[in-house]
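what follows is a predicted protein model with its sequence.
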Amino acid sequence: MTEPKTERVPRRRAETRRRLLDAALPVFAEEGFGRSTVEQICERAGYTRGAFYSNFASLDELFLAMWERRSAAMTEAVRATFDELTATDLPDVRAIVKHVLPAIPVDDAWFRVSAEFTAHALRNPSLLRVMTAREDAIAEALMPLMVDLLARAGRSIPDPVALGQALVALHDGTSAQCLVDPANPLVRQRREDLFVRVITAYTKENHDD
């Protein structure tokens, strides 16, 4: 039976959007966000400018959609890691870090593009507000998982917002160090050590009454 036209159109649109998003990251990473063009992304994806503008109003909107998709994938990876763990896997903070940190990879292309876009957003207050709101939404999705993980290791978080901000800053800073010196195993070990120290500093040990 032939698929109804009303169903084919949304599927084609979703496929077009997916291919444009897939094409955007390598173009942004190779050319730089500020030097990339709609035409370059369309050429990589195999579409025309019309296909782009039927899905996105601008490269800013495309990047934000790409960021949202990537954040959702990262959140699901952390959730999957959480679901695989058992209570015996989590004797302390370091055990949590060792299990969860691989779900938040250090990605060269993404780091370059996101750093450039952040600099771009700092010159655009309305865009910066959108980024801030979306970062808050990511933290709100991830921190309950961290609260549960730490509770299973016998620790609680007095201020989840402060810990979330500290972890984002730590991830960004140590990602840069890992990318600058990728062959040095000590850099990644220090990254793990720093996560342990920061989480320990922002949490407290629970004591049975």
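Arrived safely.

next, count neighbours for Phe52.
When counting by other Cβ atoms under 10 Å, one arrives at 23 neighbours for Phe52. In this view, the C-beta of every residue, glycine as well, is placed from N, C-alpha and C.

contact partners for the residue most central in space within the chain?
Most central in the chain under Cα atoms, centre = their mean is Ser71, positioned 3.9 Å from the mean C-alpha point. The contact partners of Ser71, by Cβ atoms under 8 Å, 6 or more residues apart in numbering, come to 134, 138.

check the gap between it and Ala137 for me.
8 Å (Cβ to Cβ, to the nearest Å).

what mean pLDDT does stretch 168-176 get?
Per-residue pLDDT values across stretch 168-176 average out to 92.

figure out how far that stretch is from the centre of its chain.
12 Å (Cα atoms, centre = their mean, to the nearest Å).

for that stretch, buried residues please.
Within stretch 168-176, the residues scored as buried using 16 or more other Cβ atoms under 10 Å are 170-171, 174-175.

now do the helices in this protein.
Using DSSP state H, the helices found in the chain span residues 5-31, 38-45, 49-53, 59-84, 93-100, 108-121, 125-152, 160-180, 185-201.

which stretch among those comes nearest His207?
Checking these against His207 by Cβ to Cβ gives helix 125-152 as the closest, at 13.3 Å.

helices and strands around the closest one, which ones?
helix 59-84, helix 93-100, helix 108-121, helix 160-180 (3 or more Cβ pairs under 8 Å, 6 or more residues apart in numbering; DSSP states H and E).

which strands or helices does the last one pack on?
Counting by 3+ Cβ pairs under 8 Å, 6+ apart, the packing neighbours recorded for helix 160-180 are helix 108-121, helix 125-152, helix 185-201.

switch to 6 Å and redo it
helix 125-152, helix 185-201 (3 or more Cβ pairs under 6 Å, 6 or more residues apart in numbering; DSSP states H and E).

now the helices of the chain as a markdown table including distance to His207?
What follows is the helices of the chain, written out as a markdown table (distance: least, Cβ to Cβ, whole Å):
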| stretch | distance to His207 |
| --- | --- |
| helix 5-31 | 47 |
| helix 38-45 | 55 |
| helix 49-53 | 58 |
| helix 59-84 | 24 |
| helix 93-100 | 16 |
| helix 108-121 | 40 |
| helix 125-152 | 13 |
| helix 160-180 | 20 |
| helix 185-201 | 16 |
